[in-house]
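K.L.:
I would like the atomic coordinates for the input below:
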Amino acid sequence: QVQLVESGGGLVQAGGSLRLSCAASGRTFSSYAMGWFRQAPGKEREFVAAISWSGGSTYYADSVKGRFTISRDNAKNAVYLQMNSLKPDDTAVYYCAADYTYGSSSPQYDYWGQGTQVTVSS
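P.N.:
Next up, the predicted model:
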């Protein structure tokens, strides 16, 4: 089992950057693929990015490709989301999630953090 805690959200102007962090508890963090998802008010949760257990594979939603970068540090039990060139449409609560299977489908992920708010002003 793994517990996840996100941090790093906040208010930023359009064009700015933020780096989200997700700290994981548990000795088997390196066994899990990790994902970032987001949910804007009135919208369904959507996939943002995923990274394999080793960090060797990454996958991005088209809406963030080229602007966001997912990475992980298994020695620190952490996964990160570097967000550059932020747009107002990126405003949402961002969640990290963990699962043994690498993918972009929200229902497949077994473990979720509580989320961190990202607000991008125009």
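K.L.:
For the rest of this, base every contact and every neighbour count on C-alpha atoms.
P.N.:
Noted.
K.L.:
Tell me which residue is most central in this structure.
P.N.:
Among the residues of the chain, the one closest to the centroid is W36, at 2.5 Å (Cα atoms, centre = their mean).
K.L.:
Could you pull out the helices in this protein for me?
P.N.:
Using DSSP state H, the chain contains no helices.
K.L.:
Leaving out chain neighbours, which residue sits closest to T58?
P.N.:
Nearest residue to T58 in three dimensions, chain neighbours excluded: I51, at 4.4 Å (Cα to Cα, 6 or more residues apart in numbering).
K.L.:
cool, and Y60?
P.N.:
A49 (4.4 Å).
K.L.:
which residues does the one you found contact?
P.N.:
Applying Cα atoms under 8 Å, 6 or more residues apart in numbering to A49 gives the contacts 35-37, 58-61, 69-70, 104.
K.L.:
For the buried ones among these, write the corresponding ChimeraX selection.
P.N.:
Only the buried entries of those go into this ChimeraX selection, using 16 or more other Cα atoms under 10 Å:
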select :35,36,37,58,59,60,69,70,104
